[in-house]
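Novice: quick one: sequence and predicted model below, then my questions.
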Amino acid sequence: MRTPYLLLALALLAACPTPRRGASDESQRGPTHTSTSTSNPQAVPENSPKMNPVLPGRVSGAEEQAVRVQLTEYAIEMPDTLTAGTHSLTITNAGKVSHNFAIEGPGVSQKLASDLTRGDTAPMTVTLQKGSYTVYCPVDGHRGRGMSRVITVQ
């Protein structure tokens, strides 16, 4: 009864190739590397449009300038002058009471959608032309207490 099993084992061994002396086993090597043509920029994953999507609302080459704005009792701290263009404002309430931020000038009249409580921060993106702009806190009475100033855009 052992003969059929022995014959089966010999048949299986005969079907498996044995490596020659000095030959290496291909399965022990790392993955095969093929060269990628760089004539097609999308052939390189880093250049694929799926890797670098175009974000809606952004114009290629147009840079936003970051500006920090700090609100306190009763002052607005920010640069006196800015350059014309699109600015990304980061507005922080560093005071003890609620504040807001508004900007008015040539072609612009914007304010935050809601007041900022102590420690809150909100973004505002604004495109400024050359000219003078008034920035102020529209919370009741704050503008009258000195929370207003004029900035220049060059």
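Specialist: Thanks, I have the structure now.
Novice: T152 is in contact with D80, isn't it?
Specialist: Yes: if you go by CB atoms under 8 Å, T152 and D80 touch, sitting 6.7 Å apart. All C-beta atoms are positioned from the backbone trio N, CA, C, and that covers glycine.
Novice: so what's the residue lying closest to N93 once chain neighbours are set aside up against?
Specialist: Residue nearest to N93 in three dimensions, not counting chain neighbours: L116, with 3.9 Å by CB to CB, 6 or more residues apart in numbering. Contacts for L116 (CB atoms under 8 Å, 6 or more residues apart in numbering) come out as 71, 91-93, 98-101, 122.
Novice: repeat that for H142.
Specialist: By CB under 8 Å, 6+ apart, the residues touching H142 are 74, 99, 136.
Novice: circling back: T152 and D80: which is more packed in?
Specialist: T152 (13 against 8; other CB atoms under 10 Å).
Novice: pull the number of nearby residues for the closest residue to the more buried one other than its chain neighbours.
Specialist: Distances taken as CB to CB, 6+ apart place T81 nearest to T152, at 4.8 Å, with adjacent residues excluded. Around T81 there are 8 other residues, counting by other CB under 10 Å.
Novice: next one: the one 4 residues further on
Specialist: Neighbouring residues of G85 were enumerated by other CB under 10 Å; the total is 14.
Novice: what pLDDT does the residue nearest to it when sequence neighbours are not counted get?
Specialist: Distances taken as CB to CB, 6+ apart place Q65 nearest to G85, at 6.3 Å, with adjacent residues excluded. pLDDT, Q65: 87.
Novice: for Q65, what are its contacts?
Specialist: Counting by CB under 8 Å, 6+ apart, Q65 touches 82-83, 85-88.
Novice: select only the buried ones of the residues you listed in ChimeraX?
Specialist: Selecting only the buried entries of the contacts of Q65 in ChimeraX, with 16 or more other CB atoms under 10 Å as the criterion:
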select :82,87
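Novice: closest to V108 among the contacts of Q65?
Specialist: H87 (10.4 Å; CB to CB).
Novice: now do the SS call for that closest one.
Specialist: Per DSSP: H, G, I helix; E, B strand; the rest coil, the secondary structure class of H87 is strand.
Novice: and M124, how close does it get to R145?
Specialist: 22 Å (CB to CB, to the nearest Å).
Novice: ok so, going back, of the contacts of H142, closest to V108?
Specialist: Y136 (13.1 Å).
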